Each structure stands twice: as C-alpha cells, then as structure tokens.
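# make a model of this:
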Amino acid sequence: MLLDIDRAALVLIDVQEKLAAVMHDKETLLKGLHKIVAGAKVLNIPIIWNEQNPDRMGPTVEALREILLPAQPIAKMSFGCCGSEPFMTALKKIQRDQLLIAGIEAHVCVYQTAAQLIENDYHVQVVVDAVSSRNPSDTDIALQRITYAATKHQAQLSPLTTSESALFELMQTAEHPRFKQILKIIR
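Residues are numbered from 1 along each chain as shown. Reported below is the predicted structural model:
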C-alpha cells in the first residue's frame, strides 16, 4: 500500500536546539527535516509537533519553528509520544492512520513512538533522512527495531522511507497541483 494524502500525517518529535546541536550528521538531518516539514505544509498534511521537556531542553530549532507557526508544539515528558495525553488527543482528532515520523533521538523517542503507534495499529513510516541520534549505531539499531516491530504486526507499509520518496508518493503524479512547489523544496 502506498501513502495516501488523505490518510497521512507527520509526527515531528523533539527537534529542539539543545538536542539537534549534538546529533550525528546534523546538516543532513536538518535538511531532511526541512524537506518533510515544508513538504507536509505545502501538501496540507497534518503535523503533530512535539517537544520533550521544553522548559529544560528548549524550543524546536528556529528554522523548523518558523515553518510550523502558528501551530504550537505539544510538550511531553514521556519518551514515546503515545504516553502524552495531549498527543493522543491530537492524533485522534486528525483521524489519520498513516503516520510519517521524523525527529530525534532515533533510539529513544522516535523508536518508542513508532513502536507504540505500530502496537496501536497505525501504519508508520520513519523518514530516515529526518531522524538521527548522537551515535550512528543507535540510529541503525532503532531503524532495525522499528522494521522488526512493523513486520511482526504485518504492517501494510514499509516502515522506512525518505523525505523525497514520501513527498512524491503522496503526490503520486507530476500533475499534482503542488508538484512545482515540492520540487523547489527538495532541490
């Protein structure tokens, strides 16, 4: 099954200044995050924006925050987003079952969120060029664990994608009315 623009949403996890500054290959990470967030905005894909303990960890990186405004982030203390009642309320409100996941850290909050969502029968795709951890082996293991969790639950979507692949899959055709806007974002 392909991503469907009417069923998809983006879950953005903890891309906060203090965390982002210490991520492995942060330039690639921030580029991938910009593509998927800006693309989701252009395609009118709902975004659920989360921040881990923002009083201590600070705000989302400015470049993404500017794209996301006027929306406001959901503050959370649980590592997995599903442990946050405001997140679960927002998720139920948008009524989407295909969830693209992007953010940091891959082996903690991203992994736990993906595993929780898979357990709750959501179709999860982690945007691999828009996730990272401080240590690249932590990211690799997290992606393996997410793949295993999705396979175990007979997921209908592959649990891994890239920002460009997801955006083109959502549009499905070069005749999509926002195709040229998406091209500007990915180049």
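# my guess is Thr161 meets Val126, correct?
Yes. Here Thr161 lies in contact with Val126, judged by C-beta atoms under 8 Å, at a distance of 7.3 Å. For every residue, glycine as well, the C-beta is placed using N, CA and C.
# so those two - more neighbours on which side?
For the pair Thr161 and Val126, the greater number of neighbours falls to Val126 (27 against 21), based on other C-beta atoms under 10 Å.
# show me where this protein has helices.
Remark: helices of the chain, listed N- to C-terminal, are 17-20, 26-42, 54-57, 62-68, 85-94, 111-119, 136-152, 163-171, 179-186; assignment by DSSP state H.
# ok, back up a step: which neighbours do Thr161 and Val126 share?
Residues touching both Thr161 and Val126 (C-beta atoms under 8 Å, 6 or more residues apart in numbering) are Leu100.
# that older thread, want to try CSV for the helices of the chain, with mean neighbour count as columns?
Written out in CSV, the entries for those read as follows (neighbours: other C-beta atoms under 10 Å):
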stretch, mean neighbour count
helix 17-20, 18
helix 26-42, 20
helix 54-57, 12
helix 62-68, 15
helix 85-94, 15
helix 111-119, 22
helix 136-152, 17
helix 163-171, 21
helix 179-186, 14
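# and Ala9, which of the ones you listed is closest to it?
Nearest to Ala9 among the helices of the chain is helix 85-94 (5.5 Å), distances taken as C-beta to C-beta.
# residue contacts, Ala8?
45, 96, 98-100, 170.
# and these, which is closest to Phe79?
Distance to Phe79 across the contacts of Ala8 (C-beta to C-beta) is lowest for Leu99, with 16.9 Å.
# show the pLDDT at Ser158.
At Ser158 the predicted local confidence, pLDDT, stands at 81.
# could you find the closest non-adjacent residue to it?
Nearest residue to Ser158, sequence neighbours excluded (C-beta to C-beta, 6 or more residues apart in numbering): Gln125, at 6.9 Å.
# strand partners (parallel or antiparallel) of the biggest strand by length in the chain?
Longest strand in the chain by number of residues (criterion: DSSP state E): strand 123-132. Taking DSSP bridges as the criterion, strand 123-132 forms sheet pairs with strand 98-104 (parallel), strand 160-161 (parallel).
# one step back: I'd like the contacts of Ala8 laid out as JSON lines, including pLDDT.
As requested, the contacts of Ala8 are exported to JSON lines (pLDDT from 0 to 100):
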{"residue": "Ile45", "pLDDT": "98"}
{"residue": "Arg96", "pLDDT": "98"}
{"residue": "Gln98", "pLDDT": "97"}
{"residue": "Leu99", "pLDDT": "98"}
{"residue": "Leu100", "pLDDT": "98"}
{"residue": "Leu170", "pLDDT": "97"}
